[in-house]
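Visitor: Quick check, what structure comes out for this input:
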Amino acid sequence: MESNESDRTNGNDCDDLTTGEHDRTLVRRLALDDITVDETVQARAQMLGEGVVEEYAAAMREGDEFPALVVFQKGGTYVLADGFTRHAGVKRAALTTFE
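Guide: Numbers count the residues shown, from 1 in each chain. Purely as a prediction, here's the structure:
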């Protein structure tokens, strides 16, 4: 599992600043099965283009890199916030992880 935290200080190292949990970006590798897809989170999620999903799946099988999925944590659940087409492409490609 990889993590990378930043405190949005515009590149300045400020050890004396206190940042809240909501101010940090945390990059973590999750199993796709640990991510809940709730289409009510984003209206566009209900309009996935099957052609685009298939294109993404083919590219992913070939090893092409895509931007990370964005999730938020609600209780003990990770909910997909952005990357619905990428998530669908990964599932279509039958991959279990997404870098």
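Visitor: Buried residues, the lengthiest helix in the chain. List them.
Guide: When the chain is parsed with DSSP state H, its longest helix is helix 50-61. Using 16 or more other C-beta atoms under 10 Å as the test for burial, helix 50-61 gives 53, 56-57, 60. (Each C-beta comes from the backbone N, C-alpha and C, glycine too.)
Visitor: for stretch 32-39, same thing?
Guide: Applying 16+ other C-beta under 10 Å to stretch 32-39 flags residue 35 as buried.
Visitor: what does it rub up against?
Guide: Defining contact as C-beta atoms under 8 Å, 6 or more residues apart in numbering, one finds that stretch 32-39 is touched by 45-46, 69, 71, 77-80, 84, 87, 90-91, 95-98.
Visitor: now do 7 Å
Guide: 45-46, 69, 71, 77-80, 87, 90-91, 96-98 (C-beta atoms under 7 Å, 6 or more residues apart in numbering).
Visitor: hang on, the earlier thing: biggest separation within the buried residues of helix 50-61, which pair?
Guide: 53 and 60 (10.4 Å; C-beta to C-beta).
Visitor: coming back round to it: so of the contacts of stretch 32-39, which ones are in strands?
Guide: 71, 77-80 (DSSP state E).
Visitor: What is the most widely separated pair among those residues?
Guide: Longest span within the ones in strands among the contacts of stretch 32-39, C-beta to C-beta: 77 and 80, 10.5 Å.
Visitor: Look at residue 44 and say how many residues are nearby.
Guide: Residues contacting residue 44 under the criterion other C-beta atoms under 10 Å number 10.
Visitor: picking up where we left off before, from the ones in strands among the contacts of stretch 32-39, list the buried ones, please.
Guide: Buried among those by 16+ other C-beta under 10 Å: 71, 78, 80.
Visitor: Save these as TSV, and put in pLDDT too.
Guide: Rendered in TSV, the data for these read as follows (pLDDT from 0 to 100):
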residue	pLDDT
71	92
78	93
80	92
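Visitor: Before we move on, what's the pLDDT of the residue nearest to residue 53 when sequence neighbours are not counted?
Guide: Closest residue to residue 53 apart from its sequence neighbours, by C-beta to C-beta, 6 or more residues apart in numbering: residue 88 at 4.6 Å. As summarised for this prediction, residue 88 has a pLDDT of 92.
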